[in-house]
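Asks: Predicted coordinates and the sequence they were generated for:
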Amino acid sequence: MNNLGERLYKLRKDKKLSQEEVAEKLNVTRQTISKWETNQSMPDFDKVVPLCELYGITPDELFIELKEKETSKNNEFFIDYEEEKLKASKKAIGIAISVVLYFLTVVWIMISIPVWNMNPILASAIFLLICGFATGIIIYVCIRYKKIKTPKETEADKLRNQISDVVAILVTIIYVIISFKTMAWHLTWIIWVIFGLFNEILKLIFMLRSSKDEK
């Protein structure tokens, strides 16, 4: 039984008694029995013993199952909470590694060609390879450690997405202006890498904030 009302209902049915019969034996109204069995109220203290005697059980037997179920539910919640914390921690580590990799790609593109005089095609290939690896990590951890979100977290996601959308518009404007002024389209696309990096940092900030709120 999940609650006291259901437990009392089953005990009465097992004894093949009607609500009227139980009410008469306990000197209460039928409506009182109905309220007990529908969890609208609980038996008064002086009715617990006569009620248990009528059903052939002890007060401990009446409440012990409920206590065990409540304890079990609390344990399940504790286990789920710990699992969610572990998931969040692993996801944060994965995203943090990706952010570092994105930083490395920016550094790489800044020094590989102008400083080391590396072949632009080779430098770009390595750049894309690192970006792809970082993106793969993000996709993996987001799928592998996906969490069922609470309403509060859903609201936080909406806020993060709104911030990201506003920044995306600003980045687009900056990208177009700089590209047309400099005509360096082969270089200005780095702006989008920086934008992607910003998005991942934003996700990490919101994730760490959520973990802090849970504590």
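Replies: Arrived safely, thanks for sending. Numbers count the residues shown, from 1 in each chain.

Asks: Tell me the secondary structure of S41, please.
Replies: coil (DSSP: H, G, I helix; E, B strand; the rest coil).

Asks: so how many other residues sit close to it?
Replies: S41 has 12 neighbours, counted by other CB atoms under 10 Å. C-beta: built from backbone N, CA, C; applies to glycine.

Asks: That one against K35, yeah?
Replies: Yes: S41 lies in contact with K35 (CB atoms under 8 Å); the separation is 4.4 Å.

Asks: Can you pull the residues that touch both of these two?
Replies: Jointly contacting S41 and K35 under the rule CB atoms under 8 Å, 6 or more residues apart in numbering is no residue at all.

Asks: what stretches of the chain score poorly on pLDDT?
Replies: Residues of the chain that meet the criterion pLDDT under 70 lie in 1-2, 64-84, 146-154, 186, 210-215.

Asks: quick one, domains of the protein?
Replies: By the record's domain assignment, the chain is partitioned as 4-57, 84-214 (automatic domain parsing).

Asks: next one: the last one to chain centre, how far?
Replies: In terms of CA atoms, centre = their mean, to the nearest Å, the centre of domain 84-214 is set 22 Å apart from its chain centre.

Asks: now do the shortest one
Replies: Between the mean C-alpha point of domain 4-57 and the mean C-alpha point of its chain there is a distance of 41 Å (CA atoms, centre = their mean).

Asks: need the helices for this protein, in chain order.
Replies: 4-14, 19-26, 30-37, 45-55, 59-111, 120-144, 151-182, 185-188, 190-214 (DSSP state H).

Asks: contacting residues around the third one?
Replies: Applying CB under 8 Å, 6+ apart, the set of residues contacting helix 30-37 from outside is 4-6, 8-9, 12, 19-20, 22-23, 26, 40-43.

Asks: Can you mark which positions in that helix are buried?
Replies: The neighbour-count check on helix 30-37 (16 or more other CB atoms under 10 Å) flags 32-33, 35-37 as buried.

Asks: just the first one next, same as before
Replies: Buried positions in helix 4-14, judged by neighbour count with 16+ other CB under 10 Å: 4-5, 7-9, 11-12.

Asks: Now V106: closest residue in space that isn't a chain neighbour?
Replies: Distances taken as CB to CB, 6 or more residues apart in numbering place V193 nearest to V106, at 6.2 Å, with adjacent residues excluded.

Asks: Give the full set of residues in contact with the one you found.
Replies: For V193, the contacting residues are 102, 105-106, 109, 131, by CB under 8 Å, 6+ apart.

Asks: Including distance to A156 and neighbour count, could those residues go into a markdown table?
Replies: Output for those, formatted as a markdown table (distance: CB to CB, whole Å; neighbours: other CB atoms under 10 Å):
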| residue | distance to A156 | neighbour count |
| --- | --- | --- |
| Y102 | 22 | 23 |
| T105 | 28 | 21 |
| V106 | 28 | 14 |
| I109 | 33 | 19 |
| C131 | 27 | 18 |
